[in-house]
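S.K.: What follows is a protein structure lacking sequence information:
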Ligand SMILES: NC(=O)c1ccc[n+]([C@@H]2O[C@H](COP(=O)([O-])OP(=O)(O)OC[C@H]3O[C@@H](n4cnc5c(N)ncnc54)[C@H](O)[C@@H]3O)[C@@H](O)[C@H]2O)c1
Ligand SMILES: O=C(O)C(=O)C[C@]1(C(=O)O)C=C[C@@H](O)C=C1
């Protein structure tokens, strides 16, 4: 397993490249994308060489890390080539039924193995500049079938591999990914329309609105093909949600205090039971430190200097939209001991408020 081609060096493809290199520095990674993306990837040691689809016959493993529609087209192009050695092809697309059907129908050569893949982690950011070697830390990485070659190659991602049937995958991701992105963008657009008569909407939005709408910043080139690839399941989720909202509306109009209480209590208990709070995927894990910091120049560097001897896996900066009000840093650590050491250092050296 020497030569790896990654077609699509955006957020996912470039983060996979960094993860592969973390455990397998011996492999050579060839990138296929736009020239400026490849230039950046080469300059920043994300890939070893710029390449093109025509070199695919020299590869052992190929990742299709492009938007779904491009991945479908690439399978068509790959099917027109004749392979002279065993090659493993996999994708990262956010739906599985359509791409697996395309691969089954077109990649019929005996030397070609196609394994559907989908890392259940990511970001609203896109492009090679968003590359993050820790993006998949503790997240689930869905595979359509067992494949030890792929799991070994991806060991440096520190993800949890799970085999999921394609139909079930698309049903589940419609609920936990595709539909939530529709809600986030709908909420932003509803609020923007409402702000025309209530301009303070753009100022008074706080943490709850921010958390609910982060993923509205994602890009349409990724999400349009996803929605068109999983229409039945997504539309069913939309209709189900409409019914849920109708129920809440009825409880409010009937002043059903007990019903409303139960509604929120149930939601709280259900989220606490979900695995997302066990440190997997993009949901904050238990080793996150939330720090309120004043809006001053150099404050982030000051905090990082205090923590220079502790391994930090991620840092996020939440700017407040109010003058002279503290912003918030979310600093992620690998384990509880590092988190506690960081809290102690910051408490001794600053008066910054540490959130729980
Ligand atoms: N963003 C996420 O959170 C996330 C998470 C899991 C899976 N995915 C899936 O992974 C795939 C990539 O998503 P992303 O977030 O990295 O997108 P991205 O926009 O960051 O990157 C996509 C890259 O593919 C390139 N590209 C497009 N068509 C190409 C082609 N024909 N040949 C070569 N390069 C091409 C683009 O130039 C871009 O650099 C999508 O299918 C997406 O559904 C995304
Ligand atoms: O973390 C985020 O911002 C994401 O949107 C990642 C996310 C999701 O959670 O829906 C987005 C698309 C993928 O297919 C998988 C994961």
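M.R.: Arrived safely, thanks for sending. The shown structure was predicted, so the numbers you read here are calculated from the model rather than taken from an experiment. Numbering: from 1, shown residues only. Ligands and ions are numbered 1, 2, ... in the order given.

S.K.: so for stretch 32-44, what's the average pLDDT?
M.R.: Across stretch 32-44, the average pLDDT comes to 98.

S.K.: Could you do stretch 64-81 as well?
M.R.: The average pLDDT for stretch 64-81 rounds to 98.

S.K.: That one close to ligand 1?
M.R.: Yes - Stretch 64-81 lies within reach of ligand 1 by CB under 6 Å from any ligand atom, at 65-68, 70, 74. From N, CA and C alone the C-beta is placed, and that goes for glycine too.

S.K.: Name the member of the residues you listed that has the highest neighbour count.
M.R.: Highest neighbour count within the residues of stretch 64-81 next to ligand 1, by other CB atoms under 10 Å: residue 65, with 28 neighbours.

S.K.: Could you tell me how far it is located from ligand 2?
M.R.: In this view, residue 65 and ligand 2 are 12 Å apart by CB to the nearest ligand atom, to the nearest Å.

S.K.: got a list of what the residue lying closest to that residue once chain neighbours are set aside touches?
M.R.: Of all residues not flanking residue 65 in the chain, residue 13 sits nearest, at 3.2 Å (CB to CB, 6 or more residues apart in numbering). Residues near residue 13 by CB atoms under 8 Å, 6 or more residues apart in numbering: 6-7, 31, 33, 63, 65-66, 92.

S.K.: now do 10 Å
M.R.: Neighbouring residues of residue 13 by CB atoms under 10 Å, 6 or more residues apart in numbering: 6-7, 29, 31-33, 37, 41, 46-47, 63-66, 92, 128, 131.

S.K.: Over to residue 337?
M.R.: 287, 310.

S.K.: helix, strand or coil for the most centrally placed residue in the chain?
M.R.: Nearest residue to the geometric centre of the chain (CA atoms, centre = their mean): residue 122, 1.3 Å. Following DSSP: H, G, I helix; E, B strand; the rest coil, the label given to residue 122 is coil.

S.K.: Is it correct that it is in contact with residue 141?
M.R.: No - applying CB atoms under 10 Å, one finds residue 122 not in contact with residue 141, separated by 11.5 Å.

S.K.: Spell out which residues are contacts of both of those two.
M.R.: With contacts taken as CB under 10 Å, 6+ apart, the residues that reach both residue 122 and residue 141 are residue 92.

S.K.: who does the lengthiest helix in the chain touch, helix- and strand-wise?
M.R.: The helix that spans the most residues within the chain, counting by DSSP state H, is helix 231-253. When contacts are defined as 3 or more CB pairs under 10 Å, 6 or more residues apart in numbering; DSSP states H and E, helix 231-253 sits against helix 166-173, helix 179-194, helix 220-229, helix 257-273.

S.K.: So for residue 55, which of those sits nearest?
M.R.: Closest approach to residue 55 among these (CB to CB): helix 220-229, 25.1 Å.

S.K.: just checking, what packs against the closest one?
M.R.: When contacts are defined as 3+ CB pairs under 10 Å, 6+ apart, helix 220-229 packs onto helix 68-79, helix 97-106, helix 166-173, helix 179-194, helix 231-253.

S.K.: just checking, next helix/strand downstream of the fourth one?
M.R.: Following helix 179-194 in sequence order, the next helix or strand is helix 201-204 (DSSP states H and E).

S.K.: Show residues contacting that next one.
M.R.: 190-195, 198, 209, 321-322.

S.K.: which parts of it are buried?
M.R.: residue 201 (16 or more other CB atoms under 10 Å).

S.K.: Over to the nearest residue to residue 70 once chain neighbours are set aside: give its phi and psi.
M.R.: In this structure, residue 70 finds its nearest non-sequential neighbour in residue 8, 7.2 Å apart by CB to CB, 6+ apart. Dihedral pair for residue 8: phi 100, psi 90, per degrees, to the nearest 10.

S.K.: And for residue 8, the neighbour number?
M.R.: Neighbourhood size, residue 8 [other CB under 10 Å]: 24.

S.K.: Likewise for residue 299?
M.R.: Residue 299, neighbours per other CB under 10 Å, totals 18.

S.K.: Could you check how far it is from residue 317?
M.R.: 10 Å (CB to CB, to the nearest Å).

S.K.: Quick check: neighbours shared by the two?
M.R.: Each of 293, 327, 329 lies in contact with both residue 299 and residue 317 under the rule CB under 10 Å, 6+ apart.

S.K.: returning to what we had before: want to throw the contacts of helix 201-204 into JSON lines with pLDDT, neighbour count and distance to residue 224?
M.R.: JSON lines is the format used below for those (pLDDT from 0 to 100; neighbours: other CB atoms under 10 Å; distance: CB to CB, whole Å):
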{"residue": "190", "pLDDT": "98", "neighbour count": "11", "distance to residue 224": "20"}
{"residue": "191", "pLDDT": "98", "neighbour count": "16", "distance to residue 224": "22"}
{"residue": "192", "pLDDT": "97", "neighbour count": "11", "distance to residue 224": "20"}
{"residue": "193", "pLDDT": "98", "neighbour count": "10", "distance to residue 224": "22"}
{"residue": "194", "pLDDT": "98", "neighbour count": "12", "distance to residue 224": "25"}
{"residue": "195", "pLDDT": "97", "neighbour count": "14", "distance to residue 224": "26"}
{"residue": "198", "pLDDT": "98", "neighbour count": "10", "distance to residue 224": "30"}
{"residue": "209", "pLDDT": "96", "neighbour count": "14", "distance to residue 224": "25"}
{"residue": "321", "pLDDT": "51", "neighbour count": "12", "distance to residue 224": "30"}
{"residue": "322", "pLDDT": "49", "neighbour count": "12", "distance to residue 224": "35"}
